[in-house]
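[1] Turn this into a structure:
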Amino acid sequence: MFEINPLGVVCVSHDTLCVTVGGYKEVLLLSVSTDNTIILTRVISLLGSYPVEMIWPHTICVSKDGTRMAVSGGSEGAKKLQLFKISPAMS
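    From the prediction side, this is the model:
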C-alpha cells in the first residue's frame, strides 16, 4: 500500500510499472512477479521536465549515449513522432 497517493501509473512492460509520486518529482520503478508480488526496484528523482505537445504520448526512447529522445503517440489519425536533444541540466 502507498503511504501517499500515486499521481500516475504507467505499464512499461508485462512485469514493470512506473508510478509518479511527490508532485511528479519522483518516479518509482516497480517489478511485478509471477505471483503478483510488487517489488520496489528503483526510485528515480527527476531533474527537470519538458512539455510534450502531443495527445496521448505512448512510446519514449532514449539513445544509448543519452543525448537524444524520441516520443511517439497521438490520437487515431493524428499520430506524431517528436525528436528532442537532451542537454545537461543547468543549475
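
[2] Which residue comes closest to the spatially most central residue of the chain once chain neighbours are left out?
    Taking Cα atoms, centre = their mean, the centroid of the chain lies closest to Cys18, which sits 6.5 Å from it. Spatial nearest neighbour of Cys18, chain neighbours left out: Val10 (4.7 Å); criterion: Cβ to Cβ, 6 or more residues apart in numbering. Placement of C-beta: from N, CA and C, glycine included.

[3] my read: the one you found touches Thr16, true?
    No - counting by Cβ atoms under 8 Å, Val10 stays clear of Thr16, with 9.4 Å between them.

[4] what's the domain layout of the protein?
    Structural domains annotated on the chain: 8-45, 51-91, as defined by automatic domain parsing.

[5] Redo those as TSV? Include mean pLDDT.
    Output for the domains of the chain, formatted as TSV (pLDDT from 0 to 100):
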stretch	mean pLDDT
domain 8-45	79
domain 51-91	81
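
[6] What's the end-to-end length of stretch 59-66?
    16 Å (Cα to Cα, to the nearest Å).

[7] Cool, thanks, signing off.
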